[in-house]
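Sharing a model that was predicted from the sequence below.
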Amino acid sequence: MSRRLRVRQAQTVLPFGVGAVFDIQGESFVATGIGDWPRQRQEVVSPRLASRLGASGFYAAPPAPDDRFDHQDAAGAPYIRFPSWLFCGSCRRMARWRVADEKPGVPPSCSGCSPLRRLTPMRFVQICAGGHLGDVDWWFWAHSRLDPAARQACTTRERLRFDVSERATGLEALSVTCLARGCGASRDLLDVLGTHGMRCSGRNPWQRLGEAADCIRPVQIVQRTAGNVYYPVVSSALDIPEAEGATGVDAVGWDELLAERVRASDLWIPLCKEAGTARGLLYRDLIKEDTGADDALLDALLAEETGSPVPPGPIASAGRPGASGETGDGGGDNPVVPDMSREEWAAFMAPTPPATRDFAVRATGLGLDGERAEPWAGLRKRVGRIVLADRLREVRALQGFRRVSPNETFVPADTKRQLRWLPAVEVFGEGVFLTLDEEALRSWEQDERVVRRVSGMSEDLSRSFQADRLAAVTGATLSPRFVLLHTLAHLLIRQLSFESGYATASLRERVYARPEHDQFGVLVYTAAGDAEGTLGGLVQQGEPPQLAETLLRMTEAAAWCSADPLCAEHTGQGFDNLNRAACHACTLLPETSCETGNALLDRTLVVGGGQVPGYLEPIVTAARAAAAAAAGE
């Protein structure tokens, strides 16, 4: 029964990073805090990201050798068995599995069955908004229908059986029964999901008893693979030349006059003294209002002035529980959510893109210069700069996680709060960067029908539980260009998956659409965590004239969805109604490919419909006319 369970190095950051529940081969584990990581870890260098996150550095878990040469005691990111309550599929007895019961290479088995039967983890766990995770108190559940006196009469707490009834279906058919002599208390699992007055343990499974907090948050019982068990906080940055040895204003070409206005403000010195506090947030807002500076500029100037990175206050933390330093049960400070787009945008838009070993890019075009026939001429007028990235390096760092909701208490990757480094992984790949025509984009996004369409999405976003998280990507306000470019990136990824040889889940997006930074482009790239690069299929598709043909086919495909007219006429779908004309049949991607988790998408803004002009609608119209003319000849 010896077996090997593996987690790839890239997976130790996402999706199976610290705090995540990991199911494999019928067993279930949880990743422990980085305080338990081995000393033989691998350094990951990214000064720009480290400065923005306030980290001393990054380290990756030691990579495992291949199947032929690894050994059982090799160092790696630690995982422990969770939940600890298991049951036997044969005799149905439950067992509380402990670390002392573990045998290397051998899964848990039932001691009461012959031949040995493997034990299965219980399906349900308990979580709280304080970021804690624990086993369900199954003894209490079995006795919860008894009065307190009868409950206290049963003193045997670990003799339980997980029964299945043939007379019922669903959760009603499952029940937990106490096997203590003279007890026999039992309760089915019909209403197990939700809150039931159980107490929170105040810690996560890998934390010691002495690390438990006095948590009074209500406990929720959920399935161990439920989406609200784990919300990782991951930041990433491309390795661009400007990041090397450059911090502060000059590294990204900010307006020095604007920087001087900030420094001349009467509130600048008070802000330097109160940075990161509730009063500091107020000073930031007043300085931004008086000078027109943005958060990225203030962050860089503060780092330059104080000599240490300063969290970019209001973008990620305003209006969230714990934003002013209050964290409920002491579960950790709010994470820094930096905007890394400005330097990357400047690197891609440079007249002569800089090049390093890990940032090899070259400008190209659609190959449509001088083209007058439609729809090619129209496509040339609406697409701007094309840059091919033959090699990219991206660093992804895990800051921590939340449970129950994305805006609840943040738990850092080091639950002991003693380490300043963060777990990270470096990945290499290739990509295609493209921009829209700036003049055509400005004209389109000023159309009242477009503004009205996006304002409805903005209102839904302001009411969403994801508002704070998404604001870190969209900026302070949701702009029409963000929804347009974000949807365009999704449509392009779906089309490229047919033509480049990469699966959809292998492609990722980076949307550069902040009006305050004058951004209007997207990067579609592939980054593989287990290889020194990729095969060049994506860059090949970006060469002229392939990219122009891909864009035309993408636009024609986006004009029709198999769920139309329902999809095209939808006034709100997805989580919190944050999408409009976007569904799995036409626009949505695997969530690992999307910066916003498949939110803030609207195909109508790309191809038009419902009296709303689409940015590429003239291309669709011209392509249909050309096809009709060709068919009539």
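Yep, that arrived. Residues are numbered from 1 along each chain as shown.

Helix or strand: which one has residue 589?
Assigned by DSSP states H and E, residue 589 belongs to no helix or strand.

I misspoke; the intended subject was residue 377.
helix 376-382.

Tell me the helices and strands packed up against that helix.
helix 546-558, helix 617-632 (3 or more Cβ pairs under 8 Å, 6 or more residues apart in numbering; DSSP states H and E). Placement of C-beta: from N, CA and C, glycine included.

so what does the first one touch, helix or strand wise?
So the one you mean is helix 546-558. helix 376-382, helix 480-499, helix 537-542, helix 604-607, helix 617-632.

looking at the ones you listed, which is buried most?
Mean neighbour count (mean count of other Cβ atoms under 10 Å) peaks for helix 604-607 among those, with a mean of 27.

hmm, who's touching it?
Applying Cβ atoms under 8 Å, 6 or more residues apart in numbering, the contact partners of helix 604-607 are 450, 453-454, 480, 483-484, 487-488, 491, 555, 558-559, 568, 580-581, 610, 612, 614-617, 620.

Checking my notes, residue 391 in a strand, right?
Yes: counting by DSSP: H, G, I helix; E, B strand; the rest coil, residue 391 is found in a strand.

quick one: contacts for it?
357-360, 428-430, 533.

Return a selection command, for use in PyMOL, containing the buried ones of those.
In PyMOL, this line selects whichever of the contacts of residue 391 come out buried by 16 or more other Cβ atoms under 10 Å:
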select buried, resi 358+359+360+428+429+430+533
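
Tell me how far the closest residue to residue 89 other than its chain neighbours lies from residue 186.
Leaving aside its chain neighbours, residue 89 sits nearest to residue 120 (5.8 Å; criterion: Cβ to Cβ, 6 or more residues apart in numbering). Using Cβ to Cβ, to the nearest Å, one gets 20 Å for the distance from residue 120 to residue 186.

still on that earlier bit, the helices and strands packed on helix 546-558: which one's closest to residue 148?
helix 480-499 (55.1 Å; Cβ to Cβ).

Extract the CA atoms of that closest one and return them as PDB.
Coordinates of each C-alpha in helix 480-499 appear next as PDB, following Å, rounded to 0.1, in the frame of the first residue of the first chain:
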ATOM      1  CA  PRO A 480     -15.400  51.500 -19.500                       C
ATOM      2  CA  ARG A 481     -11.900  50.800 -20.900                       C
ATOM      3  CA  PHE A 482     -11.200  48.200 -18.100                       C
ATOM      4  CA  VAL A 483     -14.300  46.200 -18.900                       C
ATOM      5  CA  LEU A 484     -13.600  46.400 -22.600                       C
ATOM      6  CA  LEU A 485      -9.900  45.400 -22.300                       C
ATOM      7  CA  HIS A 486     -10.700  42.700 -19.700                       C
ATOM      8  CA  THR A 487     -13.300  41.100 -21.900                       C
ATOM      9  CA  LEU A 488     -11.000  41.500 -25.000                       C
ATOM     10  CA  ALA A 489      -8.300  39.600 -23.100                       C
ATOM     11  CA  HIS A 490     -10.700  36.700 -22.300                       C
ATOM     12  CA  LEU A 491     -11.900  36.500 -25.900                       C
ATOM     13  CA  LEU A 492      -8.300  36.600 -27.200                       C
ATOM     14  CA  ILE A 493      -7.200  33.800 -24.800                       C
ATOM     15  CA  ARG A 494     -10.100  31.600 -25.900                       C
ATOM     16  CA  GLN A 495      -9.200  32.200 -29.600                       C
ATOM     17  CA  LEU A 496      -5.500  31.600 -29.000                       C
ATOM     18  CA  SER A 497      -6.200  28.300 -27.200                       C
ATOM     19  CA  PHE A 498      -7.400  27.000 -30.600                       C
ATOM     20  CA  GLU A 499      -4.500  28.300 -32.600                       C
END
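
Quick check: next helix or strand after the lowest-mean-pLDDT helix or strand in the chain?
None of the helices or strands of the chain scores lower by mean pLDDT, DSSP states H and E than helix 313-317, at a mean of 37. Counting by DSSP H and E, the next helix or strand C-terminal to helix 313-317 is helix 341-349.

would you put the C-alpha positions of that next one in PDB?
The C-alpha trace of helix 341-349 is given here as PDB (Å, rounded to 0.1, in the frame of the first residue of the first chain):
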ATOM      1  CA  SER A 341       1.200  47.800 -13.600                       C
ATOM      2  CA  ARG A 342       2.700  51.300 -14.100                       C
ATOM      3  CA  GLU A 343       6.300  50.200 -14.400                       C
ATOM      4  CA  GLU A 344       5.400  47.200 -16.600                       C
ATOM      5  CA  TRP A 345       3.300  49.400 -18.900                       C
ATOM      6  CA  ALA A 346       6.200  51.800 -19.300                       C
ATOM      7  CA  ALA A 347       8.500  49.000 -20.200                       C
ATOM      8  CA  PHE A 348       6.200  47.600 -22.900                       C
ATOM      9  CA  MET A 349       5.500  51.100 -24.300                       C
END
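
tell me the angle the next helix or strand after that helix makes with helix 546-558.
Counting by DSSP H and E, the next helix or strand C-terminal to helix 341-349 is strand 359-364. Angle, strand 359-364 to helix 546-558, by axes from the mean of the first three to the mean of the last three Cα atoms, to 10 degrees: 80 degrees.

could you give the angle of strand 359-364 to helix 341-349?
Using the same axes, to 10 degrees: strand 359-364 against helix 341-349 is 50 degrees.

which other residues reach strand 359-364?
Here strand 359-364 has contacts from 238-241, 347-348, 353, 355, 385-393, 433, 542-544, using Cβ under 8 Å, 6+ apart.

what pLDDT, on average, does it get?
Mean pLDDT, computed over strand 359-364, is 93.

likewise stretch 444-460?
95.

in the stretch 401-550 of the chain, which spans are strands?
For the stretch 401-550 of the chain, applying DSSP state E, counting those that start in this stretch gives strands covering 411-412, 422-436, 507-512, 521-528.

ok, now the stretch 1-150 of the chain?
21-24, 27-31, 42-44, 58-60, 79-81, 85-88, 94-96, 119-121, 124-128, 133-135.

Present those strands as TSV; the columns should include distance to residue 549.
Output for the strands of the stretch 1-150 of the chain, formatted as TSV (distance: least, Cβ to Cβ, whole Å):
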stretch	distance to residue 549
strand 21-24	42
strand 27-31	44
strand 42-44	38
strand 58-60	39
strand 79-81	46
strand 85-88	55
strand 94-96	60
strand 119-121	50
strand 124-128	49
strand 133-135	50
